[in-house]
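Asker: have a look; sequence and predicted model below, questions after that.
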Amino acid sequence: MTLPANQDRALALLHRALGSRMLTGHEEMEEYRRDDSDFEGAAICAVVRAESGEDIQATLRIAKETGVPVTPRAGGSGRTGGAVPILGGIVLSTREMNSLVDFDRREGTAVVGPGMILDDLHHAVESEGWFYPPDPNSAALCCLAGNVAENAAGPRAFKYGATRDYVLGVETYLAGGVHFFSGRRTRKGVTGYDTTSLLVGSEGTLAALGDVTLKLIPRPDAVMTILALFEKMSQASTAIEDIIAGRLMPRCLEFLDEKTLNIMRDGGSSFDPRAGALLLIEVDGSEQECERQAELVGARCDEAGALSVLVAQSSTERQKLWTTRKSMSHAVRARARHKLSEDVVVPRRKLGALLEHVQRIEETHQIDALCYGHAGDGNLHVNFLWNDPDEKPRVDAAIQGLFEETIRLGGTLSGEHGIGLSKSKFLPLEQGVEQIALSLRLKAAFDPSGTMNPGKIFPTRGHGNC
């Protein structure tokens, strides 16, 4: 545990170095103890609202000198507790570093501040004919540093990949304030070890992140959105398999089960009452490519037994469909006092088997669960809902069963939310002793003092609260 004298010394040094860029009042620091998970952190010493790389360096130097833990934070929209200061200490917020530092329209690259909102980046580059594909559902409030830390993805990852596929380099700040640029500014490069790819998805446990250099691609000329309704979940699964087997490549291939459909109906959507599953499919390219892909995708859905296949007739209709899909998590959260969403991934051909297993879990443990997600990637968001504390042991057993079945089917525990706090104890289900030991040695090499976001991914090892 950090001694009070260490805390007092850290605060004095931070005040001297950063002054007005600090928050120390109890009420103003409260929001920084939480993210979009159900976790709550310990009492923290201070919040540093960094405005520059020098502010990040000063914070990390003081933290290491005084032995106080640091939790990097961007938008605070994470779902697994990655930005929760579980051991207290200092929260290092880069939200104020939110500018588009550079946009090279000739090279198709952008340098963005770690606190830049993802939607703002989308609008800035798309207005110039460029495209940054990663699109997590929290795009309106998540920040680029958080996207990099979690390797965020979203519906378009099926065709275009996740954040890691677009990060060329990142300003990197190690514990103690050591700073270097990891990566490159060119499209190609194989110099030395690829530390940039290691930093992407490291959840703030290796370093704090500054400005990010991103690769852009040309914006597609046209986009078409298709809504397919099915009576049975098995029919939707068949359509997914047939679309992929037919070598079709929609940019989005989203799945919603019957319970999720009912929530949409309660919100005013007038879907066919017979429908028990929905696919939301999006294709892009030239006008001709879109029309051809939409026709082929629609045919696969019809062959699988779709009740109806509809194409959005205007950008307004298309936007309405996606607004409903992107707000789904919060709509589900409102259905019960407590909600846990697990973002497991299985090989796409095993998606139907996993959906059937979720139904068995519901029956076995007598709990409420619903599913939606990025079917094109085999990435399913399984949501467990409950109201009373005495239901929690059944939920815990259900989650354990879900993870065990996911691994048995050849899957992985997280597709885009990370491990954070919520899944750290399950990591040995997927990774062996040797791999975890190697990861811990890498963590120690980057952060020998153990002050960078302790308690995440791996069990906490002897670092107390501030």
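Answerer: Noted; the coordinates are in hand.

Asker: now do the helices in the stretch 151-300 of the chain.
Answerer: Assigned helices in the stretch 151-300 of the chain, in chain order: 157-160, 195-199, 233-245, 258-266, 287-303 (criterion: DSSP state H, counting those that start in this stretch).

Asker: what helices or strands is the second one leaning on?
Answerer: Right, the one you point to is helix 195-199. Judged by 3 or more CB pairs under 8 Å, 6 or more residues apart in numbering; DSSP states H and E, the packing partners of helix 195-199 are strand 167-173, strand 179-183. To be clear about C-beta, it is placed using only N, CA and C from the backbone, and glycine gets the same treatment.

Asker: over to the first one?
Answerer: In this structure, helix 157-160 makes packing contacts with strand 252-257, judged by 3+ CB pairs under 8 Å, 6+ apart.

Asker: the strand it packs on pairs with which strands, and in what direction?
Answerer: Note on strand 252-257: by DSSP bridges, its sheet partners are strand 277-285 (antiparallel), strand 368-374 (antiparallel).

Asker: now the angle from the first one to helix 287-303?
Answerer: The reference is to strand 277-285. Orientation check (axes from the mean of the first three to the mean of the last three CA atoms, to 10 degrees): strand 277-285 against helix 287-303 gives 160 degrees.

Asker: re the thing from before, pick the most deeply packed of the helices and strands packed on helix 195-199.
Answerer: Among the helices and strands packed on helix 195-199, strand 167-173 has the highest mean neighbour count (mean count of other CB atoms under 10 Å), at a mean of 23.

Asker: name the helices or strands packed onto that strand?
Answerer: Judged by 3+ CB pairs under 8 Å, 6+ apart, strand 167-173 is in contact with helix 53-66, strand 179-183, helix 195-199, strand 208-215.

Asker: need the helices and strands packed on helix 195-199 in TSV with distance to residue 444 and mean pLDDT, can you?
Answerer: Formatted as TSV, the helices and strands packed on helix 195-199 follow (distance: least, CB to CB, whole Å; pLDDT from 0 to 100):
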stretch	distance to residue 444	mean pLDDT
strand 167-173	17	98
strand 179-183	18	98
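
Asker: how about the ones you listed, which one is nearest residue 398?
Answerer: Closest approach to residue 398 among the helices and strands packed on helix 195-199 (CB to CB): strand 167-173, 35.1 Å.

Asker: each with direction, which strands does the closest one pair with?
Answerer: In the sheet, strand 167-173 lines up with strand 179-183 (antiparallel), strand 208-215 (antiparallel) (DSSP bridges).

Asker: sec struct for residue 401, please.
Answerer: Look at residue 401: counting by DSSP: H, G, I helix; E, B strand; the rest coil, its state is helix.

Asker: show me where the stretch 1-150 of the chain has its helices.
Answerer: With helices called from DSSP H, counting those that start in this stretch, the stretch 1-150 of the chain shows them at 4-18, 26-29, 53-66, 118-126, 144-150.

Asker: and the strands paired with strand 252-257: which comes nearest residue 146?
Answerer: Residue 146 lies closest, by CB to CB, to one member of those: strand 368-374, at 18.8 Å.

Asker: what pairs with the helix or strand that that closest one is followed by, parallel or antiparallel?
Answerer: Per DSSP states H and E, the first helix or strand lying C-terminal to strand 368-374 is strand 379-386. Using DSSP bridges, the strands paired with strand 379-386 are strand 338-345 (antiparallel), strand 368-374 (antiparallel).

Asker: any chance of those in a markdown table, with distance to residue 25 and mean pLDDT too?
Answerer: Listed next are those as a markdown table, based on distance: least, CB to CB, whole Å; pLDDT from 0 to 100:
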| stretch | distance to residue 25 | mean pLDDT |
| --- | --- | --- |
| strand 338-345 | 30 | 92 |
| strand 368-374 | 40 | 93 |
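
Asker: give me the domain ranges for the protein.
Answerer: Per automatic domain parsing, the domain ranges recorded for the chain read 100-218, 222-326, 335-419.

Asker: nearest to residue 448, out of these?
Answerer: Set against residue 448 and scored by CB to CB, those come closest in domain 100-218, at 7.4 Å.

Asker: how far away from the center of its chain is that closest one?
Answerer: 13 Å (CA atoms, centre = their mean, to the nearest Å).

Asker: just stretch 348-362 next, same as before
Answerer: Distance of stretch 348-362 from the chain centroid (CA atoms, centre = their mean) equals 22 Å.

Asker: low pLDDT regions in the protein?
Answerer: Scanning the chain for pLDDT under 70 picks out 1-4, 459-466.

Asker: hmm, try it at 50
Answerer: Scanning the chain for pLDDT under 50 picks out 461-466.

Asker: if I look at residue 78, how far off is residue 93?
Answerer: Going from residue 78 to residue 93 by CB to CB, to the nearest Å gives 13 Å.

Asker: could you do residue 404 as well?
Answerer: Counting by CB to CB, the separation of residue 404 from residue 93 is 37 Å.

Asker: who has more neighbours, these two?
Answerer: More crowded of residue 404 and residue 93, by other CB atoms under 10 Å: residue 93, with 26 against 13.

Asker: and the gap between the more buried one and residue 131?
Answerer: Plainly put, residue 93 is 29 Å away from residue 131 if you go by CB to CB.

Asker: for residue 267, same thing?
Answerer: Taking CB to CB as the measure, residue 267 falls 30 Å from residue 131.

Asker: picking up where we left off before, among the strands paired with strand 252-257, which comes closest to residue 388?
Answerer: Here strand 368-374 is closest among those (CB to CB), at 11.9 Å.

Asker: on that earlier part again, pick the most buried one from the strands paired with strand 252-257.
Answerer: Mean neighbour counts were compared across the strands paired with strand 252-257 using mean count of other CB under 10 Å; the top stretch is strand 277-285, at a mean of 25.

Asker: what is the orientation angle of that strand with helix 233-245?
Answerer: Going by the same axes, to 10 degrees, strand 277-285 makes 20 degrees with helix 233-245.

Asker: any idea of the angle strand 277-285 forms with helix 258-266?
Answerer: Using the same axes, to 10 degrees: strand 277-285 against helix 258-266 is 80 degrees.

Asker: only C-alpha atoms, please: export strand 277-285 in PDB.
Answerer: Taking Å, rounded to 0.1, in the frame of the first residue of the first chain, the C-alpha atoms of strand 277-285 are listed here in PDB:
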ATOM      1  CA  ALA A 277     -34.100 -13.000 -35.900                       C
ATOM      2  CA  LEU A 278     -32.800 -10.100 -37.900                       C
ATOM      3  CA  LEU A 279     -29.700  -9.500 -40.100                       C
ATOM      4  CA  LEU A 280     -28.600  -5.900 -40.800                       C
ATOM      5  CA  ILE A 281     -26.300  -6.000 -43.800                       C
ATOM      6  CA  GLU A 282     -24.400  -3.200 -45.400                       C
ATOM      7  CA  VAL A 283     -22.500  -3.200 -48.700                       C
ATOM      8  CA  ASP A 284     -20.300  -0.500 -50.200                       C
ATOM      9  CA  GLY A 285     -18.300   0.400 -53.300                       C
END
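
Asker: all set, thanks.
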